[in-house]
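Peer 1: Got a predicted structure plus its sequence, pasted below:
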Amino acid sequence: MTRPQLDEMNCAIARTLDVIGDRWTGLILRDVSLGITRFDAIQRDLGISRRVLSERLATMVDHGILQRVAYQTAPARYDYFPTEKGADLGLVLLAMQAWGNRWLFDDEEVPLLLRHASCGNEVSPQIACPECGEELRPQDIVPVPGPGGVDDSAELTAALERWSQPGG
């Protein structure tokens with residue numbers, strides 16, 4: 001049985017995982033978002049091989065997640081910065097961090113806390129309904145087919161039909 005290519009699936013999660021699905025991409029984006037923007041500094045911080053880092057950075061630039069800005073011409077050296085697309089992906093990392101803090105560390109072991117720059121309060125990212133402001137939890141969401149249709153998966157189609165029934 002041939003495995004489907006994730007970038008060809010009619011699913012936003014599958015296509016996102018195709019872009020960020022390896023363990024290094026999120027950590028590279030984390031470092032760049034924190035201000036570790038130079039190749040050698042990223043490599044030292046992560047302990048990643050130069051070849052793997054070079055490949056991941058090139059992929060992230062190709063996907064429009066990072067932009068590369070020259071800071072030296074001979075030899076050519078670059079800083080890497082998140083694009084708008086990369087900054088949005090940073091929200092996924094914040095959600096992952098919140099999950100990790102809650103489920104993988106005891107309260108006294110949490111390695112990094114987040115503080116809201118505007119008010120100074122400690123925060124944990126939340127997803128909220130733009131209409132009512134209520135925090136969204138998976139059990140509170142009803143999936144419905146979007147304008148791009150549904151995947152050809154019989155299992156997914158059946159699951160969406162169950163959701164659409166009263167009492168889903």
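Peer 2: Perfect, thanks for sending it.

Peer 1: so how far is Ser118 from the spatially most distant residue from the centre of the chain?
Peer 2: Relative to the average C-alpha location in the chain, and by Cα atoms, centre = their mean, no residue lies farther out than Ala74, which sits at 33.8 Å. Counting by Cβ to Cβ, to the nearest Å, the separation of Ala74 from Ser118 is 43 Å. (C-beta placed from N, C-alpha, C; glycine too.)

Peer 1: Please apply the same query to Glu134.
Peer 2: 22 Å.

Peer 1: More neighbours: those two, which one.
Peer 2: Each of Glu134 and Ser118 had its neighbours counted (other Cβ atoms under 10 Å), and the higher figure belongs to Glu134 (9 against 6).

Peer 1: May I see the buried residues of the worst-scoring helix or strand of the chain on mean pLDDT?
Peer 2: Every helix and strand of the chain was ranked by mean pLDDT, DSSP states H and E. The lowest is helix 154-164, at a mean of 71. Along helix 154-164, these residues count as buried under the neighbour rule (16 or more other Cβ atoms under 10 Å): Leu160.

Peer 1: How far away from the center of its chain is that helix?
Peer 2: How far helix 154-164 lies from its chain's middle: 26 Å, per Cα atoms, centre = their mean, to the nearest Å.

Peer 1: Can you list the neighbours in contact with stretch 15-23?
Peer 2: 5-7, 9, 25-26, 29, 56, 59, 63, 65, 89, 92 (Cβ atoms under 8 Å, 6 or more residues apart in numbering).

Peer 1: Just the buried ones out of those residues, please.
Peer 2: Among these, the ones that count as buried by 16+ other Cβ under 10 Å are 9, 25-26, 29, 56, 59, 63, 65, 89.

Peer 1: Any chance of JSON lines for those, columns distance to Asp40?
Peer 2: As requested, the buried ones among the contacts of stretch 15-23 are arranged in JSON lines below (distance: Cβ to Cβ, whole Å):
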{"residue": "Met9", "distance to Asp40": "37"}
{"residue": "Thr25", "distance to Asp40": "19"}
{"residue": "Gly26", "distance to Asp40": "20"}
{"residue": "Leu29", "distance to Asp40": "18"}
{"residue": "Arg56", "distance to Asp40": "15"}
{"residue": "Thr59", "distance to Asp40": "19"}
{"residue": "His63", "distance to Asp40": "23"}
{"residue": "Ile65", "distance to Asp40": "20"}
{"residue": "Leu89", "distance to Asp40": "23"}
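
Peer 1: So which of those residues sits lowest on pLDDT?
Peer 2: In this model, the minimum pLDDT among the buried ones among the contacts of stretch 15-23 belongs to Met9 (79).

Peer 1: That concludes my questions; thank you for your assistance.
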